[in-house]
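*Asks:* Let me see the structure of the following:
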Amino acid sequence: MVDVVKEKTTYRFAYHYSMVHNIVFTHAYPYSMTITNKGVKMEYAKILEVLEIFSAIDLSCNKFEGQIPDVVGSLKGLQLLNLSNNILVGPIPPASGNLKNLEELDLSQNKLTGSIPKRLTQLNFLEVLNLSHNHLIGPILRGQQFDTFDNSSFNGNSGLCGLPLSRKCDNSKASPPPSSPSKGNEDFGLPA
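*Replies:* A predicted model of the protein is given here:
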């Protein structure tokens, strides 16, 4: 058995040796894995048996390009998703609001565009959110867990506005100015 440590994750491999026609083949099988999430170490024994309920995906710093696929929303047991420091483009998939068990979401340091999907406010367990240093636009969502995030979650997105950032949203586009009353409104009890 050999332990391989990469950043916060330890992988344990069991090796199987076989010989065919005087050639030795070595096969490494993942046996267990330790993941550190928010300072808590979690041991996953016999990782092959728990792939269907995998709770953490960290694909940060891989130079991945393209859009985040909508299928990410089908990973219902996911507690941690880190896709930071890649070259991801396009919008944050609204389907990511389906990740009801998600506790940590880090999409920082990419080239994501568009607004923050409203469905993300439905993630009641979300404790850590980092959308910083992208090209996101529009008002920052309010309500539920979003009220707990500070400006570091959103920094580096020049198109974002609203609390907790100091940049106020321009509401003139959201609601048109009131129209001037026309003659004859007095007949309907309205001021002239």
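
*Asks:* which residue ranges form the strands in this protein?
*Replies:* Here the chain has its strands, by DSSP state E, at 2-6, 9-20, 23-37, 40-45, 56-58, 65-67, 80-82, 87-90, 104-106, 111-114, 128-130, 135-139, 159-161.

*Asks:* how near is residue 43 to residue 97?
*Replies:* 30 Å (C-beta to C-beta, to the nearest Å). Using the backbone N, CA and C atoms, a C-beta is placed for each residue, glycine as well.

*Asks:* Quick one: residues contacting residue 66.
*Replies:* Neighbouring residues of residue 66 by C-beta atoms under 8 Å, 6 or more residues apart in numbering: 88, 89, 90.

*Asks:* Provide a list of residues in contact with the closest residue to the second one other than its chain neighbours.
*Replies:* Nearest residue to residue 89 in three dimensions, chain neighbours excluded: residue 111, at 4.8 Å (C-beta to C-beta, 6 or more residues apart in numbering). Neighbour list for residue 111: 87, 88, 89, 134, 135 [criterion: C-beta under 8 Å, 6+ apart].

*Asks:* On the pLDDT front, check residue 111 for me.
*Replies:* Note on residue 111: pLDDT of 98.

*Asks:* do the same with residue 176
*Replies:* Listed pLDDT for residue 176 reads 35.

*Asks:* now swap in the one 10 residues further on and tell me
*Replies:* On the pLDDT scale, residue 186 is placed at 44.

*Asks:* Kindly report the same for residue 99.
*Replies:* 92.

*Asks:* And for residue 42?
*Replies:* 73.

*Asks:* Low-confidence regions, this protein specifically.
*Replies:* Judged by pLDDT under 70, the chain has its weakly predicted residues at 1-33, 37-38, 44-54, 171-192.

*Asks:* Distance check, residue 69 against residue 142.
*Replies:* Taking C-beta to C-beta, one finds residue 69 at 28 Å from residue 142.

*Asks:* Revised request: answer the last question for residue 36.
*Replies:* Distance of residue 36 to residue 142, computed by C-beta to C-beta: 31 Å.

*Asks:* How about residue 164?
*Replies:* 10 Å.

*Asks:* more crowded one of those two?
*Replies:* The neighbour count for residue 164 versus residue 142, taken as other C-beta atoms under 10 Å, is higher for residue 164 (15 against 11).

*Asks:* Quick one: neighbours of residue 124, just the number.
*Replies:* Residue 124 sits with 10 neighbouring residues when counted by other C-beta under 10 Å.

*Asks:* which residues does it contact?
*Replies:* Contact analysis of residue 124 by C-beta under 8 Å, 6+ apart lists 100, 144, 145.
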